[in-house]
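K.L.:
got a sequence here, can you build the structure:
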Amino acid sequence: MDKKGKVLVAMSGGIDSTVTALLLHEQGFEVVGITMKTWDYVNSGGSNKETGCCSLDSINDARQLAVDCGFPHIILDIRDEFGDFIIDNFVDEYIAGRTPNPCVLCNTHIKWEALLKRADQLGCEYIATGHYAQVREENGRYIVSKGIDEWKDQSYVLWGLSQECLSRTIFPMGQYHKDDIKQMAIDRGYEELAKKPESYEICFIPDNDYRGFLKRKVEGLEEQVKEGNFINTKGEVIGTHDGYPFYTIGQRKLGVSLGLEASYVIEIKPETNEVVVGTKEDLKKQEMKVKGLNYIKYDSIPDNFESLTKVRYKHQGEQSTLSNLDKEIKVLFHKKVEGIAPGQSAVFYEGKDVLGGGFITK
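P.N.:
Sure, this is the predicted structure:
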């Protein structure tokens, strides 16, 4: 069988990347598997048991598939690259009172760069991952669009990829629903893999305790950001908190009361160590600004462009009007949106296509 080309497949040991490698192998690509170790959680002072994509079990699962199919598999240690950039940004953003987006940064600045570098060294024309998204060439540009399975769609975390990266990327999962992928794994003798639980946590915080992580990473953090005040929208003190970095926009169960209504974090003020609390209605805003832009479908977005804009991964998105400012875009939603958090990604869509995205500033 003639080979379609040589492809470097990022393999985490999970079902999506496993089926990605299987499908490309069956389709006639010359597959090379690569598993990237990004983080050593035990050395950070966390859990004694590693979980997720960096665990020994996951690495072994990826290697076993390669052995079964007869293609090479390599392990790439990028802990230093990952830690210096992703972890420092994660900590800095929380200290600045913002909510970071580590998966977007990792895809944009770490994983794809590492994959392309090794692909070149190994003579691979393409790279492939198990993301639920699609990519196509149109009018000289490479366009990311939503995967067929809207519930699993991961186009939101890919807005930062360059045209060069996209021109060499394959996303086989984008053409299928998750149930189809599970059945493919079962049909090929990987029934246990189909039963393997998925991880939704940040890879370097598998216990999902980001507050504990911050305390371990920033020496003397609790002394630096001692307890401060919860204030309402009128500026009145209504209680005390443990330190502003330990709160995020939209958070509930704060131990303070607004009378009969539930209370939510609606703003974080690092300069005064204050956390502003309001009602669910106070949490809704109609406009925001976005910086650090990357354009995908077009090389720019004209003024007064109508777009569906998502403000977090599982947000369904709201219709909006985009206006160009100096190195920023102002987003005016057609109706108020809940939980807009500085530091998170805003991603703009035209239909199912990603126009581009950036980071929410306010």
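K.L.:
CA only for contacts and neighbour counts going forward, please
P.N.:
Fine.
K.L.:
so where's this protein shaky on pLDDT?
P.N.:
1-3, 40-55, 199-201, 260 (pLDDT under 70).
K.L.:
could you show me where the helices are in it, in order?
P.N.:
15-26, 56-69, 79-82, 88-95, 102-105, 112-122, 163-167, 178-187, 191-195, 210-217, 221-224 (DSSP state H).
K.L.:
for the third one, the distance to its chain's centre please.
P.N.:
Just to be clear, that refers to helix 79-82. 17 Å (C-alpha atoms, centre = their mean, to the nearest Å).
K.L.:
turn the helices of the chain into TSV, columns for distance to residue 150.
P.N.:
Shown next, in TSV, are those (distance: least, C-alpha to C-alpha, whole Å):
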stretch	distance to residue 150
helix 15-26	15
helix 56-69	26
helix 79-82	29
helix 88-95	28
helix 102-105	19
helix 112-122	23
helix 163-167	21
helix 178-187	10
helix 191-195	20
helix 210-217	28
helix 221-224	40
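K.L.:
give me whichever of the ones you listed is most buried.
P.N.:
Greatest average neighbour count among the helices of the chain goes to helix 15-26 (a mean of 22), per mean count of other C-alpha atoms under 10 Å.
K.L.:
what does it rub up against?
P.N.:
With C-alpha atoms under 8 Å, 6 or more residues apart in numbering as the test, helix 15-26 has contacts from 9-12, 31, 33, 62, 65, 69, 128-131, 171-173, 181-182, 184-185, 193-194, 196.
K.L.:
run the last query once more with 7 Å
P.N.:
9-11, 31, 129-130, 172-173, 181, 185, 193-194 (C-alpha atoms under 7 Å, 6 or more residues apart in numbering).
K.L.:
how close does the closest residue to residue 106 other than its chain neighbours get to residue 79?
P.N.:
What sits nearest to residue 106 in space, not counting adjacent residues and going by C-alpha to C-alpha, 6 or more residues apart in numbering, is residue 86, at 6.5 Å. Residue 86 is 10 Å from residue 79, where distance means C-alpha to C-alpha, to the nearest Å.
K.L.:
next: residue 173.
P.N.:
27 Å.
K.L.:
could you do residue 314 as well?
P.N.:
For residue 314 relative to residue 79 (C-alpha to C-alpha), the value is 28 Å.
K.L.:
surely residue 245 and residue 94 touch.
P.N.:
Yes - shown here, residue 245 and residue 94 form a contact pair, counting by C-alpha atoms under 7 Å, at 5.2 Å.
K.L.:
now for the contacts of helix 15-26: which two are most distant?
P.N.:
With C-alpha to C-alpha as the measure, no two of those lie farther apart than 31 and 194, at 21.7 Å.
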